[in-house]
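Peer 1: Let's see this in three dimensions:
(chains A and B)
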2 protein chains.
Amino acid sequence: MGGPASGGWTYSRAGVNRSEVSGALHRLLREVRYEPPPSRGRRVLLPGHYAGLVRIGRETIAVTTDTVGTKSLLAAEAGRWEEVGEDIVAVNANDLAAVGARPCALVDCLSLPRPDPEILAQIGKGLERGLRRAGMMLLGGETAVVPEIVTAYDLGGTALGFFPRGRTPVTGSQLRPGDLLLGIPSSGVHANGLTLVRRLIREHRIDLASPRAGGSLPIGRELLTPTRIYTGISEALADQPGTTAFAHLSGGGVRNLARLSDRVAFDLNAWPPVPPLFGWIQELGGIADAEMFETFNMGIGFVVGVRPAHLAELRRRLARAGAKDAVPIGRVARGKGVRVPARGLEFSGY
Amino acid sequence: MGGPASGGWTYSRAGVNRSEVSGALHRLLREVRYEPPPSRGRRVLLPGHYAGLVRIGRETIAVTTDTVGTKSLLAAEAGRWEEVGEDIVAVNANDLAAVGARPCALVDCLSLPRPDPEILAQIGKGLERGLRRAGMMLLGGETAVVPEIVTAYDLGGTALGFFPRGRTPVTGSQLRPGDLLLGIPSSGVHANGLTLVRRLIREHRIDLASPRAGGSLPIGRELLTPTRIYTGISEALADQPGTTAFAHLSGGGVRNLARLSDRVAFDLNAWPPVPPLFGWIQELGGIADAEMFETFNMGIGFVVGVRPAHLAELRRRLARAGAKDAVPIGRVARGKGVRVPARGLEFSGY
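Peer 2: Okay, here's the model as predicted:
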């Protein structure tokens, strides 16, 4: 059983050892060295960033690929599929948003144990809602019924974005000490940390149909809340002077900021009060602050780096783009890594 | 047990009912209606085709997504992973080839039960080989370790292609009665029909490490042979007058031809001798000809539609592109659907 007495739960203890995964992945990537000739398109170097970029003729295309992970298991347990359908779009659209790419098209890739028409209809409804929010078309997809491979629904997709005439990718390369960091609230846990949360729910025999203490929705529904889509924010700010970076705080939490630059530090000295849902999870598992901040978004799903002289104008634009709730969360400083001083946390990198 | 006595094996009986799958998928697609404004890119209508096409600025981008399906289970059974790594590229590159798009970039999407470094290194080697053959860069990827979702390796990817200046998509819309159909041989079963083949192997307790009667390689290796990549063929012919269609014969076998046009018929009156591997499978399962021709490629993995006046020139180009082995397999006729007269087969559509 979890709890502080036994040292507290971690993501690793819940089943996924991040360093083992990245070690194994490194073995794959080490084998892949081929660079095609320029007649096949030119890679735009952006290592470790949220999207891959390639120059094709006069256009720069951004590509992301991601799944909703084990959030689909929660969907199965709660018997609700629209939310994860929407998340297939959201997890990819937000990675496009993080490089300032305008979302264009999605292809979904679903691996299913059974062809359940009702579930697929609900996933379709969610996809439709996500596509509307992100402004993308469904351009194709693959639905494989492979009961010998999957025992549950594996729901992913790949998204394409581009840079409208005159826009350059927002990479964080312009970040400098003194820039302000604005945070845009998340809508909940999004699609990250669910392996850990579900483990705690099982350990504590929590009923998904009942609200947590202080909550109003059944906890299953609260956790399934679709991932907020930050496309409108990225579109409103990507072309503006004074916008120096975007970050999508997905798996890895605040460490995601370190993907933007290793020449500056991210001093999160004004992190807002953490929403009660995260406090509930933390308490349930006796989870350390460091583990929480590198597993969950802790209430902030998207971050914008801003030159101070442009703050007022950019906040006006954010408000018009539906993000009146943007809040200062810290600033860019000398050094490297990510700090949350109020919790005494320092992360050296992503 | 299978065999003609019990009516013969079918793909459905092996575990996947195609019409159930397409019925369920239809429920998803029915929900997705949103078309974004043209500022998000313009869809190029090519319904039912091998790739989705979108116009972004001055470029037309082609996108495909596919997995190697249950071929990964055969890889696990045989303990060999390079071939399926290569197939992640091949299955997608060949769908790009089928619309005449020049392959550019791949993102892989792997769902794994465990992060096994040796397996990932082998998959990486295969990816590298496939990327070189297709002339693509690896632009990103997602590797999810999700033991609660997958019990085996789910290996897929999404590929991007484009149309070099002056090239238009090869869609089959120019096909007309009298066009010749050239077939380019396959390298084996490719990544299709493996659910059925594996089922037969299990039923008959066949040892993957031994060759089939008349074979030289262990049957496991023979079945794993990487999918031939038809990029060079597509690149050699896509800009040529006289090229009227490409088809990739993947899942669905010869029925794939019906995706090109419902205004003409495909009369496969010269289908070449079927390679012994397919005969072995057919005999093993007592499988009907119709089932074989709509499940397997039966020796031909790619088809080119050709105006007769251009045949000699196009065959010269094919030979230079490494396809000296191209063979006439039939012709385009009035009517609709696909016929294999030597076997008395008629398929009304895809």
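Peer 1: going forward, measure contacts and count neighbours with C-alpha atoms only.
Peer 2: Noted.
Peer 1: From the contact counts, what lies against the helix ranked longest in chain A?
Peer 2: Longest helix in chain A by number of residues (criterion: DSSP state H): helix A:117-134. Contact here means 3 or more C-alpha pairs under 8 Å, 6 or more residues apart in numbering or on different chains; DSSP states H and E; on that basis helix A:117-134 packs against helix A:82-97, helix A:231-237, helix B:18-31.
Peer 1: For it, the averaged confidence score.
Peer 2: If you average the pLDDT over helix A:117-134, you get 98.
Peer 1: how big is the angle separating the helix or strand following it from helix A:117-134?
Peer 2: Reading on from helix A:117-134 to the C-terminus, the next helix or strand found by DSSP states H and E is strand A:137-145. Here strand A:137-145 runs at an angle of 150 degrees relative to helix A:117-134 (axes from the mean of the first three to the mean of the last three C-alpha atoms, to 10 degrees).
Peer 1: do strand A:137-145 and chain B meet?
Peer 2: Yes: in this structure, strand A:137-145 sits against chain B according to C-alpha under 8 Å from any C-alpha of the partner chain; the contacting residues are A:137-145.
Peer 1: That strand packs against which elements?
Peer 2: Contacting strand A:137-145 under the criterion 3+ C-alpha pairs under 8 Å, 6+ apart are the following elements: strand A:102-112, strand B:52-56, strand B:59-67.
Peer 1: close to chain A, is the last one?
Peer 2: Yes: using C-alpha under 8 Å from any C-alpha, strand B:59-67 reaches chain A at B:59, B:63-66.
Peer 1: distance between that strand and the chain's centre?
Peer 2: 14 Å (C-alpha atoms, centre = their mean, to the nearest Å).
Peer 1: and it, which strands flank it?
Peer 2: For strand B:59-67, the paired strands and their directions (DSSP bridges) read strand B:52-56 (antiparallel), strand B:154-162 (antiparallel).
Peer 1: The closest residue to A:I61 other than its chain neighbours and A:R255: what is the separation?
Peer 2: Using C-alpha to C-alpha, 6 or more residues apart in numbering or on different chains and skipping residues adjacent in sequence, the residue nearest A:I61 is A:F162, 4.7 Å away. In this structure, A:F162 and A:R255 are separated by 26 Å, where distance is defined by C-alpha to C-alpha, to the nearest Å.
Peer 1: ranges for the strands of the stretch 251-350 of chain A?
Peer 2: Under the criterion DSSP state E, counting those that start in this stretch, strands of the stretch 251-350 of chain A are mapped to A:265-267, A:300-306, A:327-333, A:337-340, A:345-347.
Peer 1: between those, which gets nearest to chain B?
Peer 2: Shortest separation from chain B across these is recorded for strand A:300-306, at 19.9 Å, computed as C-alpha to the nearest C-alpha.
Peer 1: what angle do the closest one and strand A:327-333 make?
Peer 2: On the basis of the same axes, to 10 degrees, strand A:300-306 is oriented at 50 degrees to strand A:327-333.
Peer 1: Let me see the mean pLDDT of strand A:300-306.
Peer 2: Strand A:300-306 shows a mean pLDDT of 98.
Peer 1: ok, back up a step: quick one: the strands paired with strand B:59-67 as JSON lines, columns for mean neighbour count, mean pLDDT and distance to A:E203 too.
Peer 2: What follows is the strands paired with strand B:59-67, written out as JSON lines (neighbours: other C-alpha atoms under 10 Å in any protein chain shown; pLDDT from 0 to 100; distance: least, C-alpha to C-alpha, whole Å):
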{"stretch": "strand B:52-56", "mean neighbour count": "23", "mean pLDDT": "97", "distance to A:E203": "45"}
{"stretch": "strand B:154-162", "mean neighbour count": "28", "mean pLDDT": "98", "distance to A:E203": "29"}
